[in-house]
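Undergrad: Coordinates for the following, if possible.
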Amino acid sequence: MDLIARITRQFEDSAQTKLAAIEWLATPVAEAVEAMAATLINNGKILACGNGGSAADAQHFAAELVNRFELERPPLSAIALTTDSSILTSIGNDYDFEQIFSRQVLALGQPDDILLAISTSGNSANVIAAISTAHAHGLRVVALTGKGGGQIAGLLSERDVHLCVPAERTARIQEVHLLILHCLCDGIDSLLLGVED
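TA: Numbers count the residues shown, from 1 in each chain. Sure, this is the predicted structure:
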């Protein structure tokens, strides 16, 4: 096995997937940035959820807002719904794993907050349940998916923003999701701080 060639292919495949996604995603990412910035300006918050690598992405995004991204600014209101083990295990035990995010959206979400729902397949049952609860309580949804969007694609309203990576491979989708999250953070900061370049 030629490890160098294999690693080179991974880098090239990742770069090509990102470049191919620009035309598909630039406009909806800008729409998501504007929606999130407006929510934060109006004292709303962003709730983020996902499973596995997407849970890590939800936490990463919340950390970049609550702390800072690249520029100094006041903390912004974001909560990763993936981090409180007592909440997650009590809901999973007393109700069902499918409700671990939706019950938190019900408890913490307010009309005009945003739910950032991350699922590479678009078929995560607990993320789908969170989206349904968000809609029922007036939250807008920004969904990060891949593989055509799965079931989530059919759940989103015109008010929501769907950021669907045009790829099938989970690793490539997750890599583009991370880039999108960084674009969201950068865009939010630029709008809030009046950065021009």
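Undergrad: going forward, measure contacts between C-alpha atoms and count neighbours the same way
TA: OK.
Undergrad: could you pull out the helices for this protein?
TA: Assigned helices in the chain, in chain order: 3-41, 53-66, 85-94, 102-108, 125-136, 150-155, 170-193 (criterion: DSSP state H).
Undergrad: Reformat those as TSV; add mean pLDDT.
TA: Converted to TSV, those look like this (pLDDT from 0 to 100):
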stretch	mean pLDDT
helix 3-41	97
helix 53-66	98
helix 85-94	98
helix 102-108	98
helix 125-136	98
helix 150-155	98
helix 170-193	97
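Undergrad: so can I have JSON lines of those showing distance to residue 114 and mean neighbour count?
TA: Formatted as JSON lines, the helices of the chain follow (distance: least, CA to CA, whole Å; neighbours: other CA atoms under 10 Å):
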{"stretch": "helix 3-41", "distance to residue 114": "7", "mean neighbour count": "16"}
{"stretch": "helix 53-66", "distance to residue 114": "12", "mean neighbour count": "20"}
{"stretch": "helix 85-94", "distance to residue 114": "20", "mean neighbour count": "14"}
{"stretch": "helix 102-108", "distance to residue 114": "10", "mean neighbour count": "18"}
{"stretch": "helix 125-136", "distance to residue 114": "8", "mean neighbour count": "21"}
{"stretch": "helix 150-155", "distance to residue 114": "15", "mean neighbour count": "16"}
{"stretch": "helix 170-193", "distance to residue 114": "13", "mean neighbour count": "19"}
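Undergrad: Which of those helices sits closest to residue 164?
TA: Nearest to residue 164, of all the helices of the chain, is helix 3-41, at 7.5 Å by CA to CA.
Undergrad: if we can go back for a sec, to residue 78, which of the helices of the chain lies closest?
TA: helix 53-66 (5.1 Å).
Undergrad: and the direction of that closest one versus that of helix 170-193, what angle?
TA: For helix 53-66 against helix 170-193, the angle by axes from the mean of the first three to the mean of the last three CA atoms, to 10 degrees is 10 degrees.
Undergrad: what does helix 53-66 rub up against?
TA: Helix 53-66 is touched from outside by 48-50, 75-83, 116, 118-120, 174, 177-178, 181-182, 185, with contacts defined as CA atoms under 8 Å, 6 or more residues apart in numbering.
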